[in-house]
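Engineer: here is a sequence with its predicted model. Questions after.
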Amino acid sequence: PALNWAPRSNGRSTWSNPLSWLESLHGATTRSLLGNLNVSYELYKGLTVRSNFGISDINQTEYLTVPISSLDPTSAFQKLGRSTRGTNNRNNWIIEPQVDFSRAVGMHRIAAIVGGTMQQVETIKRAFFGTGYTSDTMLESIAAAPELRSIDSNNQYRYSSMFARINYTINDKYLCSLTGRRDGSSRFGPGRRFGNIGSIGIAWIFSRENLIANNARIISFGKLRTTVGTTGNDQIGDSK
């Protein structure tokens with residue numbers, strides 16, 4: 001049965017039938033491949049090399065049809081069917097190597113980490129918009145559209161980073177931490193794609209001083225810490 005649009009005496013409909021969307025067809029199919037590998041090896045006591053490898057490949061296809069049967073017959077503009085087809089492919093890989101070192105001599109302890117990140121994300125989108133269908137039986141074929149328009153986009157994001165962190169501790173009470181890194185992102189313009197970030201922090205666990213440690217009922221744990229540094233990120237849109 002046809003949809004009821006409640007036409008008035010002047011030939012115009014009095015409402016928009018919400019059941020019209022039931023005439024349209026919409027579907028999507030997604031295929032994905034995800035993989036992750038963590039590898040670590042202790043060269044000797046206190047020195048370990050490790051790396052993380054990750055990959056993902058996601059492919060999505062989607063379609064939407066708007067048949068003539070779902071349109072208001074009193075509207076001259078809405079007497080032709082429409083069809084949309086689209087694909088979205090996203091490929092991502094990342095490699096994160098790292099070297100960990102730690103050594104304790106008497107009351108002194110040092111721990112250091114050196115590592116990096118390399119990542120690439122490529123997104124390919126393609127959409128076809130078919131309009132002007134005079135028959136609903138042809139909506140399944142985007143090539144049969146009297147008028148066809150397409151949109152393509154290919155965005156590639158690349159990120160690389162190197163970092164180092166050193167922690168130095170004396171008698172498990174006095175701590176100092178130094179961090180430095182250099183990051184690069186394709187999301188910034190030429191000449192501004194790399195930046196340096198660093199910080200220094202010191203801390204004092206005063207609850208381990210003898211005066212306080214002997215009165216643990218008053219304070220079980222206390223720590224003072226201060227840090228100074230810079231920060232940043234590339235959480236903006238991909239450059240075109």
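Structural biologist: Here it is on my side, so go on. Numbers count the residues shown, from 1 in each chain.

Engineer: from now on I want contacts and neighbour counts done on CA atoms only, so please keep to that.
Structural biologist: OK.

Engineer: helices of this structure, residue ranges please.
Structural biologist: If DSSP state H is used as the criterion, the helices of the chain fall at 210-213.

Engineer: does I55 touch N36 like I think?
Structural biologist: Yes - checked against Cα atoms under 8 Å, the pair I55 and N36 is within contact range at 6.5 Å.

Engineer: and the two? Which one has more around it.
Structural biologist: A count of neighbours by other Cα atoms under 10 Å puts I55 above the other of I55 and N36, at 17 against 11.

Engineer: in contact with that one, which residues?
Structural biologist: 33-36, 91-94 (Cα atoms under 8 Å, 6 or more residues apart in numbering).

Engineer: how does it look with 6 Å?
Structural biologist: Contacts for I55 (Cα atoms under 6 Å, 6 or more residues apart in numbering) come out as 34-35, 92-93.

Engineer: could you do G116 as well?
Structural biologist: G116 makes contacts with 96-97, 161-163, as judged by Cα under 6 Å, 6+ apart.

Engineer: go with 7 Å
Structural biologist: For G116, the contacting residues are 96-98, 161-163, taking Cα atoms under 7 Å, 6 or more residues apart in numbering as the criterion.

Engineer: low-confidence ranges, this structure, go.
Structural biologist: Confidence mapping of the chain against pLDDT under 70 gives the ranges 1, 7-12, 14, 76-78, 216, 239-240.

Engineer: can you give me the strands for it?
Structural biologist: 25-44, 47-66, 81-105, 108-133, 147-170, 174-185, 194-204, 224-229 (DSSP state E).
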